[in-house]
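1. Need coordinates for the below:
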Amino acid sequence: MVDVVSGSSGGSEAAHPLHKTGGSPKWFLPLFGFVVLGGLGYIAYALGQDLATASAVPWILLGLALLIALGFEFVNGFHDTANAVATVIYTRSMPAELAVIWSGFFNFLGVMTSSGAVAFGILALLPVELILQVGSSSGLAMVFALLIAAIVWNLGTWYLGLPSSSSHTLVGSIIGVGLANQFLAPAGSATSGVEWGQASNVGLSLLLSPLIGFGFSALLLLVMKTLVRNKALYEAPKTNAPPPLWIRALLVFTCTGVSFAHGSNDGQKGMGLIMLILIGLVPTAFALNRTPDINYLDAYKATSAQVETALGKYVKPGVVAPADPKAAVSDAVKNKTWTDATTPALQAYIHSTGVAVSGYPTIERLPNGLVGNIRNDIYLIGEALKLIDKRKLLPMDAADLQSVSAYHKSVDNATKFIPLWVKVAVALALGLGTMVGWKRIVITVGEKIGKTHLTYGQGAAAELVAMITIGAADQLGLPVSTTHVLSSGVAGTMAANGSGLQWSTVRNMLMAWILTLPASIGLSFVLFIVLRHLF
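-> Now for the predicted structure:
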């Protein structure tokens, strides 16, 4: 562990904020154990209920994959969430033990109330054919490679006390898998690597969020110093007493908001990965959402027919669908291109998929042998239609584009869902991780970014900007780094306050920021190639 150097505890001088002031309340451990055991019991029961519809379950492989995926969220908890509690601990707004428990609880709530948009935004980076074949050897190699690479890099930077980003790490791991998939493909094959359009959006959010954290935190602190002329707010605490009530309430509120937003944003990444695992290993139970509205399949059939009719308007005279419409659509999705033959191919593919489900009244009545194929067909059609409504490769009028959007909604209902027990599992892993390994990163944020002790005003400004930034990104479905936003915010307030920066720490943080993507890309690239030959 990192040594904690305390100040003098005599007289009126402030003791080190990480010094224990007492153990946990007697009721905490029993309550903690009850919550964990209750959560595990519910997960086991719900998983068992879902697997009751499965024709076969590879228990060992499923258990190992879920363990590694939840391990990633556990490491994410103690690696990233430490940033949320650093400010309240170092401003003595909350005792360290209570702050960590508090943060873990609101991480749990954040996960439970998340929408899933970030989860599927991250998965959109993956090559389409790997998502469609996630149960194959390539798909399994993909899942294990990106998870192991992300965990290894997160543990390494945590051990060194560096506030690096779990989001950066996961994105890099996904890119590495995509590049390796393309590298191993036979020459001349239409195998996609990385969805670079989505990668650029994700990369831009990860690149800009630290700059937003630094700039807006510095600006907010300067505004506070102008409007709130209380010198004590901008100086290091001189005693063990907490800050004034209003600033303490603000710091606790922002710590709560950052913890909640972190759970809502980062927790979704684990959910998406777990859904990939479940779809790949137990497709008959998880390939399609079996709990939507009872009339869902009828709605899907109606929107499918509408899109088929709309596409018919844009088929050029004399152009007919190729012999294998699915292959033509798949090539269009992989290459992000649209030809005259793509339109009738997609129309024919939608028609054949509609015919396949037309004889069944509900999702539950679909035969097990048909579920996986139907999911892949629906998913691939949805990806093809993105070339129309997102990339505008086939110009359509507004009414026809509305039909495409309605179809997308029905596709998302069928293929982009997260069972409640998956949320509970991720929430427990993230919340427990928060309470375990937080101290290393807390010390870096609280003591090693600036040359002076973190002040009340600095803590409030950095946390408030981080809470708003992460919350906004969650609403937009974009992954951002809690680590980068908050640590850069602390650095911004140090610069604005004239406190000075410890450039050795800043340099190490910048190096971790710069190296995380190439290192995780390289790790997952190598792991995918190795695992591809083992599975």
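
2. For the rest of this, base every contact and every neighbour count on C-alpha atoms.
-> Noted.

3. buried sites along the longest helix along the chain?
-> The residue-count maximum for a helix in the chain (DSSP state H) belongs to helix 245-281. Across helix 245-281, burial judged by 16 or more other CA atoms under 10 Å covers 247-248, 250-281.

4. Determine the set of other helices and strands touching that helix.
-> helix 59-80, helix 82-90, helix 96-112, helix 117-123, helix 137-159, helix 283-286, helix 420-434, helix 456-476 (3 or more CA pairs under 8 Å, 6 or more residues apart in numbering; DSSP states H and E).

5. switch the cut-off to 7 Å
-> helix 59-80, helix 82-90, helix 96-112, helix 117-123, helix 420-434, helix 456-476 (3 or more CA pairs under 7 Å, 6 or more residues apart in numbering; DSSP states H and E).

6. And these: which comes nearest residue 37?
-> helix 420-434 (10.4 Å; CA to CA).

7. mind checking how far the longest helix of the chain is from the chain centre?
-> With CA atoms, centre = their mean, to the nearest Å as the basis, helix 245-281 stands 9 Å off its chain's centre.

8. just stretch 74-91 next, same as before
-> 17 Å.

9. CA atoms only: put it into PDB for me.
-> Taking Å, rounded to 0.1, in the frame of the first residue of the first chain, the C-alpha atoms of stretch 74-91 are listed here in PDB:
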ATOM      1  CA  PHE A  74     -15.100  -4.500  -9.500                       C
ATOM      2  CA  VAL A  75     -11.700  -3.100 -10.500                       C
ATOM      3  CA  ASN A  76     -13.500  -0.200 -12.100                       C
ATOM      4  CA  GLY A  77     -15.200   0.500  -8.800                       C
ATOM      5  CA  PHE A  78     -12.000   0.900  -6.700                       C
ATOM      6  CA  HIS A  79     -10.100   2.400  -9.600                       C
ATOM      7  CA  ASP A  80     -12.400   5.200 -10.800                       C
ATOM      8  CA  THR A  81     -14.800   5.900  -7.900                       C
ATOM      9  CA  ALA A  82     -12.000   6.900  -5.600                       C
ATOM     10  CA  ASN A  83     -12.000  10.200  -7.400                       C
ATOM     11  CA  ALA A  84     -15.500  10.900  -6.200                       C
ATOM     12  CA  VAL A  85     -14.600  10.600  -2.500                       C
ATOM     13  CA  ALA A  86     -11.200  12.300  -2.600                       C
ATOM     14  CA  THR A  87     -12.600  15.800  -2.300                       C
ATOM     15  CA  VAL A  88     -15.000  15.100   0.600                       C
ATOM     16  CA  ILE A  89     -12.300  13.200   2.500                       C
ATOM     17  CA  TYR A  90      -9.600  15.900   2.000                       C
ATOM     18  CA  THR A  91     -11.900  18.700   2.900                       C
END
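
10. contact partners of that stretch?
-> Defining contact as CA atoms under 7 Å, 6 or more residues apart in numbering, one finds that stretch 74-91 is touched by 17, 94-96, 99-100, 103, 158, 166, 237, 251-252, 255, 258-259, 429-438, 441-442, 445-446, 454-456, 459, 482-483, 486.

11. Please apply the same query to stretch 452-467.
-> Applying CA under 7 Å, 6+ apart, the set of residues contacting stretch 452-467 from outside is 87, 90-91, 213, 216-217, 220-221, 233-237, 243, 250-251, 254-255, 257-258, 261, 446-447, 485-486, 489-490, 493, 499.

12. 8 Å - rerun?
-> Residues outside stretch 452-467 that contact it (CA atoms under 8 Å, 6 or more residues apart in numbering) are 84, 87-88, 90-91, 213, 216-218, 220-221, 224, 233-237, 243, 247, 250-251, 254-255, 257-258, 261, 446-447, 482, 485-486, 489-490, 492-494, 499-500.

13. Among the residues you listed, name the buried ones.
-> Neighbour counting by 16+ other CA under 10 Å classes 84, 87-88, 90-91, 213, 216-218, 220-221, 224, 233-237, 243, 247, 250-251, 254-255, 257-258, 261, 446-447, 482, 485-486, 489-490, 492-494, 499 among those as buried.

14. what separates stretch 147-156 from the chain centre, distance-wise?
-> Per CA atoms, centre = their mean, the centroid offset for stretch 147-156 relative to its chain is 15 Å.

15. what does that stretch rub up against?
-> Here stretch 147-156 makes contact (CA under 8 Å, 6+ apart) with 68-69, 71-72, 75-76, 79, 164-166, 169-170, 173, 516, 519-520, 523-524, 527.

16. 6 Å - rerun?
-> Applying CA atoms under 6 Å, 6 or more residues apart in numbering, the contact partners of stretch 147-156 are 72, 169-170, 523-524.

17. Of those, grab the buried ones for ChimeraX.
-> To isolate the buried members of the contacts of stretch 147-156 in ChimeraX, using 16+ other CA under 10 Å:
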select :72,169,170,523,524
